[in-house]
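# Sequence first, predicted coordinates after that:
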Amino acid sequence: HPWEMVTKAAMQKYPNPMNPSVVGVDVLDRSVDQQGRLHSKRLLNTEWGLPSIVKSLIGNVRTCTYIQESSIVDPKERTFELQSSNITFTNMVSVDERLTYKPHPDDPEKTILTQEAIISVKGVSLSSYLEGVMANTISNNAGKVNPFLFIFML
Amino acid sequence: VGEACTELKREYDQCFNRWFAEHFLKGDRSGDPCTETFRKYQRCVQKAIKEKDIPIDGVEFMGPNKDKPDS
């Protein structure tokens, strides 16, 4: 799908039935800079659905996580870059995700999404389990960009 | 972030999504028509964030005109 369509869809990505863990999104700030790029800061509210054993270790049943996302849309260069990281549970885990949507260099009807996530878990013995769950969730969701667009386009 | 803000958010989102798709992405640099709805929505969000004590990092809570926030 062309970049404009993908960017428009990605900007309105949440809430969507394919990723029910994101329960809310709010815009904290938005402005257009001198070069005509749109900067946005958003707050995403997610429910992680942690397994009950993890919930009992954490103690408090607060599985609601807040994520702060910064993004820049450059309509001239045709790029949409996002960076998001969690701002809750930072004493336990830190997920820093970066996404870039750019037109495909060979096919203007297509868009390339590059996605990286840096996950670090601090001092908890379940570290490899949590990292695995999160990495799995993120990579499952990356592949859902196209099906979501299809629903959005209907 | 706050249920009270949902309606304001819906109003702002509608305005923004329309402007974004029909003007901004097409390279139309004309002014953003959503400033007023954004400001109203922002005030609500700001209040909800304070009430819920959400640790936002380095955000100035400003609309495009960059007014100083209330303390």
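Arrived safely, thanks for sending. Numbers count the residues shown, from 1 in each chain, chains lettered A, B, ... in the order given.
# make it CA atoms for all contacts and neighbour counts henceforth
OK.
# tell me, how many neighbours does B:D53 end up with?
Using other Cα atoms under 10 Å in any protein chain shown, B:D53 is surrounded by 9 other residues.
# Kindly report the same for the one 3 residues further on.
The tally of other residues near B:I56 (other Cα under 10 Å) stands at 16.
# What is the neighbour count of the closest residue to A:C64 other than its chain neighbours?
Leaving aside its sequence neighbours, A:C64 sits nearest to A:E47 (Cα to Cα, 6 or more residues apart in numbering or on different chains; 4.6 Å). Using other Cα under 10 Å as the criterion, A:E47 is surrounded by 15 other residues.
# same check, this time on B:Q14
12.
# now A:Q35
For A:Q35, the neighbour count with other Cα under 10 Å is 9.
# A:T114 now?
If we define neighbours as other Cα under 10 Å, then A:T114 has 12 of them.
# And it, which helix or strand is it part of?
For A:T114, the host element (DSSP states H and E) is strand A:111-121.
# my read: the residue nearest to A:C64 touches A:S21, true?
Yes - using Cα atoms under 8 Å, A:E47 makes contact with A:S21 at a distance of 5.0 Å.
# give me phi/psi at the closest residue to chain B within chain A?
Closest approach of chain A to chain B (Cα to the nearest Cα) occurs at A:S31, with a separation of 5.0 Å. Phi and psi for A:S31, reported as degrees, to the nearest 10, are phi -160, psi 160.
# Correct me if wrong: it contacts A:L38.
Yes - if you go by Cα under 8 Å, A:S31 and A:L38 touch, sitting 5.8 Å apart.
# Can you pull the residues of chain A lying near chain B?
Counting by Cα under 8 Å from any Cα of the partner chain, chain A comes close to chain B at A:4, A:8, A:12, A:24-32, A:36, A:45, A:66, A:68, A:75-76, A:87-88.
# just to revisit the earlier point, what's across from the residue of chain A closest to chain B in the sheet?
A:H39 (DSSP bridges).
# quick one: it from A:T46, how far?
Separation of A:S31 from A:T46 (Cα to Cα, to the nearest Å): 25 Å.
# how about the helices in the chain?
You didn't pick a chain, so chain A it is. In chain A, the helices defined using DSSP state H lie at A:3-11, A:52-58, A:127-142, A:145-153.
# Chain B, not that one
Under DSSP H, chain B gives helices at B:6-22, B:35-52.
# got JSON lines for the ones you listed, with distance to chain A and mean pLDDT too?
As requested, the helices of chain B are exported to JSON lines (distance: least, Cα to the nearest Cα, whole Å; pLDDT from 0 to 100):
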{"stretch": "helix B:6-22", "distance to chain A": "6", "mean pLDDT": "93"}
{"stretch": "helix B:35-52", "distance to chain A": "7", "mean pLDDT": "91"}
